[in-house]
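Enquirer: Provided below are the primary sequence and the corresponding predicted coordinates.
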Amino acid sequence: MPYLSGHTNTERFIIELSSGETQEVTEAEKFSLKRVCTCHMRHDLYHLTYLQKGVNFIDVTAWPNTAHLRARRPRAPLYPTELMQGATVEHINAFLDPGNMRRNLEMFTSFTNRYYQSNTGNLSAEWLLGQVSGYVEPGSPVNVSIFQHAYRQNSIVATIPGKSTKTIVVGAHMDSINGAVGENRTTARAPGAGM
């Protein structure tokens, strides 16, 4: 597998496979934990089959001494049993524009990929930062900023002050990757969604 720009063959990452069980691996080894490739002949052609290995892990390279934080068992969440904010949701839905959603999705999927180490991954984050910032009215208490990582693609953080001291975190996944064997992840096409 060709190695990726931004990484060297010797660069190592620390992954946690289960509470307290860590292992040092290369990026290629991280990807191999998720997938195994089998090759067999079919009608005089080699046929590649990708199977999911299903090995789950978290990359803790930037946070090596925090296993004790992940080891705590969270309380089981209490979910509402009946709809309580139906009128609010209906009110918000009235402002949604399917055409605007389509234009945003078309633009977001037009990037070659949104791989966290690629130039287009970084460009897609900058575009999304501009989009999110554009929804904030001048003088609003809402703050939109970036969180810089050691890799190229930044995260976007929008902070909306509430009426209580509780913190509610809503997350979304921005990056996409073409993990096919032999593909250069920084340049291979991976739009992440389709229209």
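Expert: Yes, it's here.
Enquirer: show me where the protein has strands.
Expert: Secondary structure of the chain (DSSP state E): strands located at 13-18, 21-25, 35-42, 45-52, 58-59, 143-147, 155-159.
Enquirer: now the last one and strand 143-147, what's the angle there?
Expert: It stands for strand 155-159. Relative orientation of strand 155-159 versus strand 143-147 (axes from the mean of the first three to the mean of the last three CA atoms, to 10 degrees): 150 degrees.
Enquirer: in strand 155-159, which residues are buried?
Expert: Ile156 (16 or more other CB atoms under 10 Å). Any C-beta I mention is one placed from the backbone N, CA and C, and that applies to glycine too.
Enquirer: strand partners (parallel or antiparallel) of it?
Expert: Sheet pairing here is set by DSSP bridges, and for strand 155-159 it gives strand 143-147 (antiparallel).
Enquirer: which stretch in the strands of the chain has the least confidence?
Expert: Lowest mean pLDDT of these: strand 45-52, a mean of 45.
Enquirer: is Val25 bridged to anything, and to what?
Expert: Beta-bridge partners, per DSSP bridges, of Val25: Phe13.
Enquirer: how is this protein divided into domains?
Expert: Using automatic domain parsing, the domain ranges for the chain come out as 1-79, 82-195.
Enquirer: so which of those is the most packed in?
Expert: Neighbour counts (mean count of other CB atoms under 10 Å) averaged over each of those peak at domain 82-195, with a mean of 13.
Enquirer: follow-up on the earlier one: mean pLDDT lowest for which of the domains of the chain?
Expert: Among these, domain 1-79 carries the lowest mean pLDDT (a mean of 66).
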